[in-house]
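In: Following is a predicted model, sequence given first.
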Amino acid sequence: GRYWFVSRLGVIGVVDPATGAVRTMELTDEEIENSMAVDRDAVYVVSDRVVYALSADGEGAPTVEWREEYDRSGGPRPGQIALGSGTTPTLVGRHFLAIADGADPVRVVVMRRTALHGEERTMCAVPVFDAGASAVENSLVTDGTHVAVQNTYGYADLFSLPPGRTVPG
C-alpha cells in the first residue's frame, strides 16, 4: 500500500498514497545504480557496497531489516557504470536473492532472504566469466531455480563493438 523510491545518491523513500506523507532515509557514502525488488516481507535494494532488506516502520519511514556487504574489489571496468554490483536484486524462488558482485571475476552471490539463527546470510558466491573480462550491468534472470547472467564487459553502447563482435562469453 506504499510507493517506494530510490535515488542514485543513496536516498530511499516511502510515500503513503493515502496521506501523501513522504519519509526517507539516506545511505552514507553509498550510491544506488539500479532498481529494487519487492516481496510481501521486504523491499530489497543494492547499493554500490551493500544489499539491504527494508520495511516501513510504524510511521511509514524506511527501516533496515538486514544488510549484507558484498565484494566490490574488482574496481571500475569497461561495461560497468559504477563500482560494485550492476544488478537489481533478483528474487529466486520464495527464499533467496541473487546479485552479481563487483569482484574480478564477477561472482553470482546468492543470499537467504530470511536467515535462521546461526545461518550465514550469504550462501554462495560463484565466479562467472574470466578474470579481467567480466562485468555485469543487467539484472540476473531466474526461473525460480536457476540463475542466468549476462557479461557486459567491454560494452559501452551500440557502437562500442566492431560489427560481428560480441563481449566476452
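Out: It's in.
In: can you pull up the bridge partners for the closest residue to Ala42 other than its chain neighbours?
Out: Counting by Cβ to Cβ, 6 or more residues apart in numbering, Ala53 is the residue found nearest to Ala42 once chain neighbours are left out, at 4.2 Å. Just so you know, the C-beta spots here come from the backbone N, C-alpha and C atoms, and that holds for glycine as well. With DSSP bridges as the criterion, Ala53 is bridged to Tyr44, Trp66.
In: and the residue nearest to Val22 when sequence neighbours are not counted, backbone torsions?
Out: Nearest in space to Val22, with sequence neighbours left out and distances taken as Cβ to Cβ, 6+ apart, is Val15 at 5.2 Å. Its backbone dihedrals place Val15 at phi -110, psi 130, with angles given as degrees, to the nearest 10.
In: How much space separates Val15 from Asn34?
Out: Distance from Val15 to Asn34, counting by Cβ to Cβ, to the nearest Å: 20 Å.
In: Look at these two and report which has more neighbours.
Out: In this comparison of Val15 against Asn34, neighbours counted by other Cβ atoms under 10 Å, the higher total goes to Asn34 at 23 against 16.
In: Quick check: which element contains the more buried one?
Out: Under the assignment given by DSSP states H and E, Asn34 is not contained in any helix or strand.
In: close enough to count as contact, it and Thr88?
Out: Yes: with the criterion set as Cβ atoms under 8 Å, Asn34 and Thr88 qualify as a contacting pair; they are 4.2 Å apart.
In: Quick check: neighbours shared by these two?
Out: Common neighbours of Asn34 and Thr88, counting by Cβ atoms under 8 Å, 6 or more residues apart in numbering, are Val46, Ser139.
In: Can you show me the strands along the chain?
Out: Counting by DSSP state E, the chain forms strands over residues 3-6, 11-15, 22-26, 36-38, 43-46, 50-56, 62-69, 90-92, 96-100, 107-112, 122-127, 141-142, 147-148, given from the N-terminal end onward.
In: how close does Val11 sit to Glu31?
Out: 10 Å.
In: Next: Val136.
Out: As for Val136, its distance to Glu31 is 16 Å (criterion: Cβ to Cβ).
In: Settle it for me: which of the two has more neighbours?
Out: Here Val136 and Glu31 are set side by side on neighbour count (other Cβ under 10 Å), and the busier one is Val136, at 25 against 16.
In: quick one: contacts for the more buried one?
Out: Val136 touches Gln80, Ser85, Gly86, Thr87, Ala100, Val106, Val149, Gln150, Asn151, Thr152, counting by Cβ under 8 Å, 6+ apart.
In: Pick the one among those closest to Asp41.
Out: Thr87 (20.3 Å; Cβ to Cβ).
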